[in-house]
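Visitor: what's the 3D shape of this:
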Amino acid sequence: MQTLVAAKDLVKIYQAGEVEVKALRGVSFEIDPGQFVSFTGPSGSGKTTLLNLIGSLDVQTSGELVVAGQAVNQLNIRQRANFRGHNIGIIFQDFNLIPVLTVRENIEYPLLMVKPTPATERQKIVSELMERVGIAEQADKFPNQISGGQKQRVAIARALSTAPKLVLADEPTANLDKVTSTRIIDLMKELKTQLGTSFIFSTHDPRVVSHADVVYVLEDGQLQKPTAENATGHGGDK
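Guide: Sure thing, here's the model as predicted:
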């Protein structure tokens, strides 16, 4: 089985005026297909930076990063966008839905813009995804007409529309109440089992962490070694 994400000595440095900010300091890890992985740690520890690198939204300063068999830093901006569109789905903390599009149209959007798909196939994919995430009845509503939990379900369906190998979620429960958060976590676990998609989370939420197959802790841009417990998905919020 080919490793889905492999990082070795990953370093990311940002230049803030004359000051260098080391967001990641020699991070190494591997993620296998079909895993539910959580990166946790305090604010400013490098979680979002790491997700941006895995998602090809940015490139590392040094070190190696291979995602779905591709060394992402070897691609130019256009190639990275194409790679991301075909291999990676992204769920944003603030949902990032397009306000002038309906629920159905938001989910369909990547199939028009990133991975052109015939109309009949698009309709089938979108309808099946709306059923899977439980928002079929909201299909013709606009984002401002549905709840936060429903918006997150739309975001999940949109991330899955291109059948990506990997879905990245940055603080996916941050704007949701406890009950809705639990339902969203359960939904993503169910989709992982049904579709075989890998999910990688950046999160402070112990409920997300407790459901992960593998938990990695980031502190000051460095990865703490997973314990025997969290390496098997039982690390919880320790």
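
Visitor: Identify the residues contacting the closest residue to residue 143 other than its chain neighbours.
Guide: Leaving out its chain neighbours, the residue that sits closest to residue 143 by Cβ to Cβ, 6 or more residues apart in numbering is residue 97, at 4.3 Å. (Each C-beta comes from the backbone N, C-alpha and C, glycine too.) Residue 97 sits next to 106, 143, 151, 154-155, 158 when contact means Cβ atoms under 8 Å, 6 or more residues apart in numbering.

Visitor: switch to 10 Å and redo it
Guide: 103, 105-107, 109, 142-144, 146, 151-152, 154-155, 158 (Cβ atoms under 10 Å, 6 or more residues apart in numbering).

Visitor: mind listing what residue 208 touches?
Guide: Taking Cβ under 10 Å, 6+ apart, we find residue 208 in contact with 36, 38, 40, 169, 171-174, 181-182, 184-185, 188, 199, 201-202, 215, 237.

Visitor: from the chain's centre, how far out does the helix or strand containing it sit?
Guide: Secondary structure assignment for residue 208, by DSSP states H and E: helix 206-210. Centroid separation for helix 206-210 versus its chain: 15 Å, with Cα atoms, centre = their mean, to the nearest Å.

Visitor: Same question for stretch 208-228.
Guide: With Cα atoms, centre = their mean, you get 16 Å for stretch 208-228.

Visitor: So for it, what gets flagged as buried?
Guide: 208-218, 221, 223 (16 or more other Cβ atoms under 10 Å).

Visitor: out of the residues you listed, who's nearest residue 50?
Guide: Nearest to residue 50 among these: residue 218, at 7.1 Å, using Cβ to Cβ.

Visitor: Phi, psi for the residue nearest the centre of the chain please.
Guide: When Cα atoms, centre = their mean is applied to the chain, the residue found nearest the centroid is residue 168 (0.8 Å). Backbone torsions for residue 168, taken as degrees, to the nearest 10, come to phi -100, psi 140.

Visitor: wait, it sits on residue 198?
Guide: Yes. Proximity of residue 168 to residue 198 meets the contact threshold set by Cβ atoms under 10 Å, at 9.4 Å.

Visitor: Check the secondary structure at residue 182 for me.
Guide: helix (DSSP: H, G, I helix; E, B strand; the rest coil).

Visitor: got the contact list for it?
Guide: Here residue 182 is in contact with 173, 176, 207-208, 211 (Cβ under 10 Å, 6+ apart).

Visitor: how far away is residue 162 from residue 45?
Guide: 30 Å (Cβ to Cβ, to the nearest Å).

Visitor: Residues in a beta bridge with residue 214, which ones?
Guide: On the basis of DSSP bridges, residue 214 is bridged to residue 37.

Visitor: returning to that earlier point: could the contacts of residue 182 be laid out in a markdown table, adding distance to residue 6 and pLDDT?
Guide: Shown next, in a markdown table, are the contacts of residue 182 (distance: Cβ to Cβ, whole Å; pLDDT from 0 to 100):
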| residue | distance to residue 6 | pLDDT |
| --- | --- | --- |
| 173 | 27 | 88 |
| 176 | 32 | 86 |
| 207 | 28 | 87 |
| 208 | 23 | 90 |
| 211 | 24 | 89 |
